[in-house]
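build me a structure from this.
(one chain, ligands or ions: 1)
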Amino acid sequence: MLKLSKEIKKRRTFAIISHPDAGKTTLTEKFLLYGGAINMAGSVKGKATAKHAVSDWMEIEKERGISVTSSVLQFNYDDFCINILDTPGHDDFSEDTYRTLMAADSAVMVIDASKGVEKQTRKLFKVCLLRNIPVFTFINKMDREANDPFELLDEIEKELGIKTCPVNWPIGCGKDFKGVYDRKTKIVTTFSGTSRGQKEGASSEVSVNDPDLIRIIGQDYRDELMDNIELLDGASDEFDMELVSSGKLSPVFFGSALTNFGVEIFLRNFLKMTSPPLPRMSNKGLIDPVNEKFSAFVFKIQANMNKAHRDRIAFMRICSGKFEAGMEVYHVQGNKKIRLSQPQQLMAQERKIIEEAYAGDIIGVFDPGIFSIGDTLCVSAEKFEYEGIPTFAPEHFARVRQVDTMKRKQFIKGISQIAQEGAIQIFQEFNTGMEEIIVGVVGVLQFEVLQYRLENEYNVEIRMERLPYEHIRWIENKDTDMNKLMGTSDMKKIKDLKGNPLLLFVNSWSIGMTIDRNPGLKLSEFGR
Ligand code: G4P
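Reported below is the predicted structural model:
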């Protein structure tokens, strides 16, 4: 029990959210550098391989012998066992990116200091908000020209609706980046351009009251810093751990991942402020990670890793207790006992069988097609279900039909199975049957995946006609009369497979108009 509690308490499971190019890969790589998982960050290898070094985690795993899956990166730092969840971001942005946040206990939000809050950060942040998980902000690229730090904080607060509390404060930026000031210790850590961030940077620390500071950063920067400190102490929100834990206040750090400046300060503070796996809500109340036996929920299903057999891997987040290879668990939604005989951590193409894992960890298990996203597994006498994973609003839609009308059956089977894995969502016209199928996806790549998989796995050729809609809303009022609902001319009424009514809109203006025209109508961006 003591070992179990110790193992769980040292777990920190988080995701890094950012817009592409803000520096997520670089920051992850630097975390690994501090964790001793790699000795030299990828930047030493030049541009092409730098990305490769971390995004292709498989390679790192092979080289350094650390535990990696295509979904999670695990390493130790100090006394912590860190699980960084991969949130696919570039072309492979999909509903999985959102779902991964359901498995995280906190999020690190990386923001490019010259760009501020960008589109994808905004989307991912909304999901964090849904769960009230703590969000820690790292404002990156201070070694380049940056926006005014006060304006950046203002933008985060206004755009994302979260309060901010700077833990440290930058002095200058770009070629005049002098360092950061720690508001608690009142110490300035000076920026000494490390050799492109290859090694842990050698920086010096000096008290803000030390007269030597003027020599080091110059009179002007020191004066400006003193003014800023005064402003900050007067205007910014006080640090309040309770607000941080409930996702209402984001501690903010400034730094430069590439030059490795401010990264370790961030990592140390972040690990201290973030929590180990906490109790999660189920239909039988809160489930304690330490006192309850093994339980987990499925947050992602990856299909056809091996084309030869149509197998799938279900990724689950362990929420309580210890997992042991070969253990018998109860699959709540399937109402069946099953043996998790081939538990694995997935290494891109390679699979490694694991012996044990703890609450906070992610494991992938072979799925013969029995799991659905959100399913619970547990071993306790009293069965319980974790709260389900919401359906996230797709932003791209297409009308899909099979080319060969004789293949209707395969088409329906294929498209339904792919939807069950959660790669796509399928809808129908509100007033007609299954004839017309409308597919919604979060990332456009999923359309290609759908087409490819239907052709290759189900032998069905399809035609796809992209639709102009960009927004979908679930109707929360159960008693809405769809025939009486007054929308805009470009609005479309559809339903999901369970018959729930939904609305499609071309733009957000139409959403506002529809709400105005139907007093009391409640629309939601998440489906339950
Ligand atoms: P991502 O995973 O969020 O998409 O971002 P990634 O880390 O790949 O970083 C995107 C680009 O930004 C990379 O440049 C990277 O070297 C650079 N970068 C990351 N952090 C910093 C930083 O703190 N300062 C500076 N100056 N640059 C940073 P790249 O793809 O090699 O292109 P290029 O910008 O070198 O042309």
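
strands of the stretch 251-400 of the chain, start to end?
280-282, 285-287, 295-303, 312-320, 322-324, 328-331, 336-339, 344-347, 350-353, 356-358, 362-367, 376-378, 391-392, 396-402 (DSSP state E, counting those that start in this stretch).

note down every partner strand of the fifth one and its orientation.
According to DSSP bridges, the neighbouring strands of strand 322-324, each with its direction, are strand 356-358 (antiparallel).

list the buried ones in the partner strand?
357-358 (16 or more other C-beta atoms under 10 Å). Glycine gets a C-beta too; all of them are placed from N, C-alpha and C.

what's the angle from the helix or strand harbouring R453 to strand 295-303?
Assigned by DSSP states H and E, R453 falls within helix 445-457. Here helix 445-457 runs at an angle of 70 degrees relative to strand 295-303 (axes from the mean of the first three to the mean of the last three C-alpha atoms, to 10 degrees).

now whatever helix or strand comes next after helix 445-457, how far from the centre of its chain.
Sequence-wise, the next helix or strand downstream of helix 445-457 (DSSP H and E) is strand 462-467. Chain-centre distance of strand 462-467: 29 Å, with C-alpha atoms, centre = their mean, to the nearest Å.

one step back: could you tell me the least trusted of the strands of the stretch 251-400 of the chain?
The minimum mean pLDDT among the strands of the stretch 251-400 of the chain belongs to strand 344-347 (a mean of 50).

is the nearest residue to L153 once chain neighbours are set aside in a bridge, and if so with what?
Nearest non-adjacent residue to L153, counting by C-beta to C-beta, 6 or more residues apart in numbering: T164, 4.7 Å away. Counting by DSSP bridges, T164 forms beta bridges with S250.

give me the neighbour count for T164.
19 (other C-beta atoms under 10 Å).

K248 is in contact with that one, correct?
No - applying C-beta atoms under 8 Å as the test, T164 and K248 come out as separate, 10.6 Å apart.

about what we covered before: using PDB, list the CA coordinates for the helix holding R453.
As requested, the backbone C-alpha atoms of helix 445-457 are provided in PDB (Å, rounded to 0.1, in the frame of the first residue of the first chain):
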ATOM      1  CA  LEU A 445      -7.100  14.900 -42.600                       C
ATOM      2  CA  GLN A 446      -9.900  12.600 -41.200                       C
ATOM      3  CA  PHE A 447     -11.800  12.900 -44.500                       C
ATOM      4  CA  GLU A 448      -8.800  11.400 -46.300                       C
ATOM      5  CA  VAL A 449      -8.400   8.700 -43.600                       C
ATOM      6  CA  LEU A 450     -12.100   7.900 -44.000                       C
ATOM      7  CA  GLN A 451     -11.900   7.600 -47.800                       C
ATOM      8  CA  TYR A 452      -8.700   5.500 -47.600                       C
ATOM      9  CA  ARG A 453     -10.000   3.200 -45.000                       C
ATOM     10  CA  LEU A 454     -13.400   2.600 -46.600                       C
ATOM     11  CA  GLU A 455     -11.600   1.700 -49.800                       C
ATOM     12  CA  ASN A 456      -8.900  -0.500 -48.300                       C
ATOM     13  CA  GLU A 457     -10.700  -2.200 -45.400                       C
END
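
which strands or helices does it pack on?
Judged by 3 or more C-beta pairs under 8 Å, 6 or more residues apart in numbering; DSSP states H and E, helix 445-457 is in contact with strand 396-402, helix 408-420, strand 437-441, strand 462-467.

please repeat the previous calculation with a cut-off of 7 Å.
Judged by 3 or more C-beta pairs under 7 Å, 6 or more residues apart in numbering; DSSP states H and E, the packing partners of helix 445-457 are helix 408-420, strand 462-467.

pLDDT of it, averaged?
What helix 445-457 shows for mean pLDDT is 87.

make residue 1 into 40 and carry on from there
Taking 40 as the first residue, the last one we looked at is helix 484-496.

list the buried residues of that helix.
Buried residues in helix 484-496, counting neighbours by 16+ other C-beta under 10 Å, are found at 484-486, 488-490, 492-493, 496.

how far out from the middle of the chain is the longest helix along the chain?
Assignment by DSSP state H gives helix 258-274 as the longest helix of the chain. Computed by C-alpha atoms, centre = their mean, the chain-centroid distance of helix 258-274 equals 35 Å.
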